[in-house]
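[1] The following block contains a protein sequence and its predicted model.
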There are 2 protein chains.
Amino acid sequence: MEEINNIQPNSDSLVLTSRVRLARNIDKIVFPHKLSDSDGKDLVKMVEDAFYCNDEYSKDYETIRLWEQDKITQRSYFERHLISNNIINNSKKSAFIYNKDETVCLMINEEDHLRIQCINPGYNLDDAFEVANKIDDIFEETLNFAFNEEYGFLTSCPTNIGTALRASVMIHLPVITLNHKMQGVIYALSQLGMTIRGLYGEGSKVSGNIYQISNQITLGITEEEALNNLKTVVNQIVNQENIAREVAYKNYKYEIEDRVYRASGVLKSAILLSTQECLKLLSDVRMGCEMGIIEDINIQTLNDLLIEIQPATIQRNNGKIKSSKSINLIRADLVKNKLKINYKNK
Amino acid sequence: MEEINNIQPNSDSLVLTSRVRLARNIDKIVFPHKLSDSDGKDLVKMVEDAFYCNDEYSKDYETIRLWEQDKITQRSYFERHLISNNIINNSKKSAFIYNKDETVCLMINEEDHLRIQCINPGYNLDDAFEVANKIDDIFEETLNFAFNEEYGFLTSCPTNIGTALRASVMIHLPVITLNHKMQGVIYALSQLGMTIRGLYGEGSKVSGNIYQISNQITLGITEEEALNNLKTVVNQIVNQENIAREVAYKNYKYEIEDRVYRASGVLKSAILLSTQECLKLLSDVRMGCEMGIIEDINIQTLNDLLIEIQPATIQRNNGKIKSSKSINLIRADLVKNKLKINYKNK
């Protein structure tokens, strides 16, 4: 990683969300991929009982059984970052429990029996970890998790054994990307035991200059150490992006403003918008907001759009649409309207 | 040329301007390229005297002596379609007389001693021809033009001998261009004795899908025949463009609207705009106006912009600007403001 000056990291505006996930398996039950559909559904029931028995905590939660959902609905939950591709592949025996504001999602029969996932907006890993721990405690009152004194928590995939904790942030790095410096960042992160991925985590492409950075190491390290390592790395990357922005703005003020305002102009006027182009333009506008070039668009509006423009979410919200052209039409329309409403609410 | 149905040609909106030009040379004086600078200036005086002696007609006219103008000013007259590159190359001995509304320009010591040029907005060749004839009559009262009973008017370049008349229209053909059908049109035009050129006539590139179509034949044909031939051809091309638009809009409604609205969005939001990109976007917006997709932009605003965005015109109106980036900045700004004022005046 390049040398970093001590500029105050403007982390809050570059980090979209902070996520902590704990993997747990119930002792003496085979891992999900070995479970029959029927046994899987029994396990879903077992996890539900363990959770909902805590009346006070679980009152705002709801279970979604994936075998009761059509493909588009399943996909739309994925687009909202609630669930993974893995759990969709197990949809005949998998389910998830989530709260109204979508900050907690408990996946049942993903790769492990239970994945406790807490997502906070902005840069706030500690709170996410605290909530995950609290929920872990609730489960431990009634369930017996597979745990080995020497290794820690046992998981379906060996890369998770130990803390079974994965922490990650979604971070917006347009100028490092523009400067072709991401390869260096990716290399440095791997040296530090971190992984970098696209907007939808494992196996997903990078879209709209948004990256997911997560810890890779789960063995021989405490949860707190893992979180602190991730925070150190994220702070450095935020610094690097902010310095790159300052330098770029100093040398290419008009080019950057041009990019930002054109993106906003196209989003407010296009009739057809593909997901990829839309994410790219939203990134340019987000950069404009983060850099104070655009002041009349709310970052929350942009965050909402990141999910609302996703294809299955559009399909789910608009009846049975089939052609990608129809989806592109609706996407352009909803972006225009959302940006208009954003203005009215200002 | 492809078979054309009898759709009413929407010529007025596709034809930007109609131009008629008569070439004249004064008998027994060598052609301009052989004139010394001093003799050239004497000839300028002779033409001025012949014109301004008609007090009533010439009262709104003014002479610009090119040897008194700097390069940027000369170039800005060129960008306004008043004068040609040829006359700028002769600037030590050339001048032009023009009226306030820039519908008449009399070039002195271009390729010929005198070129009477009348430009009308829209599709109106007959009026332009009538004015050119009227001015020709004024000159013939005092000047003796080189004329041969067998050939007609004698000109510096043999391609003009005879009527010495060139009539042309500026026409906007975005969909024929988009459909890659211009090669066919160009071939058909050459078979019919017509020439097709770019926005700035001879030797200029096509920009913003605007073409200049003119008659090529001046010998063995009357002025009226030449004008009628041009009108027939223009009507056919207008028909072809209109049919292509109807077909395109029927099959690609949203794609066309997308193109039009994005262009308008970028013009209203860009911070930097090159001449070429600006002309391309203005063409898309013009197409939107012509097709009734955009109703809140005045075609006259677009016509004004075609000239105001030209580099020397910007330089002339904004003091001494040197870098193309500064010009691109001013261009983007003036386009934004002009489109804003257009809205206010609506």
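    Received the coordinates, thanks. Keep in mind the model is a prediction, meaning the values are calculated, not measured.

[2] Now do the buried residues in the one helix or strand A:Tyr77 maps to.
    In this assignment (DSSP states H and E), A:Tyr77 forms part of helix A:71-79. With burial defined by 16 or more other Cβ atoms under 10 Å in any protein chain shown, the residues of helix A:71-79 counted as buried are A:73-79. C-beta coordinates here come from the backbone N, C-alpha and C atoms, glycine included.

[3] And for stretch A:156-170?
    A:156, A:160-170.

[4] what's the answer for stretch A:218-237, then?
    So for stretch A:218-237, counting by 16+ other Cβ under 10 Å, buried means A:218, A:221, A:223, A:226-227, A:229-231, A:233-234, A:236-237.

[5] Output these in TSV, with distance to chain B and pLDDT appended to each entry.
    Below are the buried residues of stretch A:218-237 laid out as TSV (distance: Cβ to the nearest Cβ, whole Å; pLDDT from 0 to 100):
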residue	distance to chain B	pLDDT
A:Thr218	47	89
A:Ile221	48	90
A:Glu223	47	94
A:Ala226	44	94
A:Leu227	42	95
A:Asn229	41	94
A:Leu230	37	95
A:Lys231	37	95
A:Val233	35	94
A:Val234	32	95
A:Gln236	32	93
A:Ile237	28	94
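
[6] Return the closest of these with respect to A:Arg19.
    In terms of Cβ to Cβ, no member of these lies closer to A:Arg19 than A:Leu230, at 10.6 Å.

[7] Quick one: residues contacting A:Gln212.
    A:168-171, A:196-199, A:201 (Cβ atoms under 8 Å, 6 or more residues apart in numbering or on different chains).

[8] any idea which element it lies in?
    Element membership for A:Gln212 (DSSP H and E) is strand A:210-215.

[9] Tell me which helix or strand comes right after that strand.
    Counting by DSSP H and E, what follows strand A:210-215 is helix A:223-251.

[10] From the chain's centroid, how far away is that next one?
    From the chain centre to the centre of helix A:223-251 is a distance of 18 Å (Cα atoms, centre = their mean, to the nearest Å).

[11] what's the answer for stretch A:64-83, then?
    15 Å.

[12] follow-up on the earlier one: compile the buried residues of helix A:71-79 into a markdown table and extend it with columns for distance to chain B.
    Below are the buried residues of helix A:71-79 laid out as a markdown table (distance: Cβ to the nearest Cβ, whole Å):
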| residue | distance to chain B |
| --- | --- |
| A:Thr73 | 27 |
| A:Gln74 | 29 |
| A:Arg75 | 24 |
| A:Ser76 | 24 |
| A:Tyr77 | 30 |
| A:Phe78 | 28 |
| A:Glu79 | 24 |
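
[13] Would you mind giving those residues as CSV with pLDDT added?
    Output for these, formatted as CSV (pLDDT from 0 to 100):
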residue, pLDDT
A:Thr73, 95
A:Gln74, 96
A:Arg75, 94
A:Ser76, 94
A:Tyr77, 96
A:Phe78, 95
A:Glu79, 93
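
[14] what's around A:Asn317, how many residues?
    Residues contacting A:Asn317 under the criterion other Cβ atoms under 10 Å in any protein chain shown number 12.

[15] sorry, back to before: got the angle between the strand holding A:Gln212 and helix A:223-251?
    If you take axes from the mean of the first three to the mean of the last three Cα atoms, to 10 degrees, strand A:210-215 sits at 150 degrees to helix A:223-251.

[16] Can I get strand A:210-215 in PDB, CA atoms only?
    Provided in PDB are the C-alpha atoms of strand A:210-215 (Å, rounded to 0.1, in the frame of the first residue of the first chain):
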ATOM      1  CA  ILE A 210     -18.300  -0.400  -5.000                       C
ATOM      2  CA  TYR A 211     -16.200  -3.000  -3.400                       C
ATOM      3  CA  GLN A 212     -16.700  -5.400  -0.500                       C
ATOM      4  CA  ILE A 213     -13.600  -5.700   1.700                       C
ATOM      5  CA  SER A 214     -13.700  -8.500   4.300                       C
ATOM      6  CA  ASN A 215     -11.400 -10.300   6.700                       C
END
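
[17] Averaged pLDDT, that strand. What do you get?
    For strand A:210-215, mean pLDDT rounds to 95.

[18] distance between that strand and the chain's centre?
    For strand A:210-215, the distance to the chain centre is 9 Å (Cα atoms, centre = their mean).

[19] Next: stretch A:284-300.
    21 Å.

[20] close to chain B, is it?
    No - Stretch A:284-300 lies apart from chain B when judged by Cβ under 8 Å from any Cβ of the partner chain; the minimum separation is 9.8 Å.

[21] That stretch spans what distance, first to last residue?
    When the termini of stretch A:284-300 are compared using Cα to Cα, to the nearest Å, they are 15 Å apart.

[22] can I assume A:Cys291 is in contact with A:Arg245?
    Careful, residue A:291 is Met and not Cys. Yes - A:Met291 lies in contact with A:Arg245 (Cβ atoms under 8 Å); the separation is 6.0 Å.

[23] Pull up the overlap in contacts between these two.
    Going by Cβ under 8 Å, 6+ apart, no residue sits against A:Met291 while also sitting against A:Arg245.

[24] what about A:Pro121, neighbour count?
    16.

[25] Tell me the spacing between it and A:Ile83.
    18 Å (Cβ to Cβ, to the nearest Å).

[26] Could you do A:Ile161 as well?
    23 Å.

[27] In the stretch 1-150 of chain A, mark out all the helices, start to finish.
    With DSSP state H, counting those that start in this stretch as the criterion, the stretch 1-150 of chain A has helices at A:11-14, A:37-52, A:55-58, A:71-79, A:85-89, A:125-140.

[28] Tell me how chain A divides into domains.
    A:11-241, A:253-343 (automatic domain parsing).

[29] In JSON lines, list those domains along with distance to B:Glu141.
    Shown next, in JSON lines, are the domains of chain A (distance: least, Cβ to Cβ, whole Å):
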{"stretch": "domain A:11-241", "distance to B:Glu141": "69"}
{"stretch": "domain A:253-343", "distance to B:Glu141": "57"}
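
[30] out of those domains, nearest to B:Glu68?
    domain A:253-343 (35.8 Å).

[31] Give me the average confidence score over the closest one.
    pLDDT averaged over domain A:253-343 gives 93.

[32] Could you check how far it is from the centre of its chain?
    19 Å.

[33] Same question for stretch A:180-198.
    Relative to the chain's own centre, stretch A:180-198 is displaced by 18 Å; criterion: Cα atoms, centre = their mean.

[34] Show the contacting residues for A:Ala23.
    Applying Cβ under 8 Å, 6+ apart to A:Ala23 gives the contacts A:111-112, A:114-115, A:153, A:155-156, A:160, A:164-166.

[35] Over to A:Ser204?
    A:Ser204 sits next to A:197-198 when contact means Cβ under 8 Å, 6+ apart.

[36] which SSE is it in?
    Using DSSP H and E, no helix or strand contains A:Ser204.

[37] And the pLDDT at it?
    74.

[38] what does chain A put close to chain B?
    Residues of chain A lying near chain B (Cβ under 8 Å from any Cβ): A:254-255, A:257-258, A:261-262, A:264-266, A:268-272, A:325, A:329, A:332.
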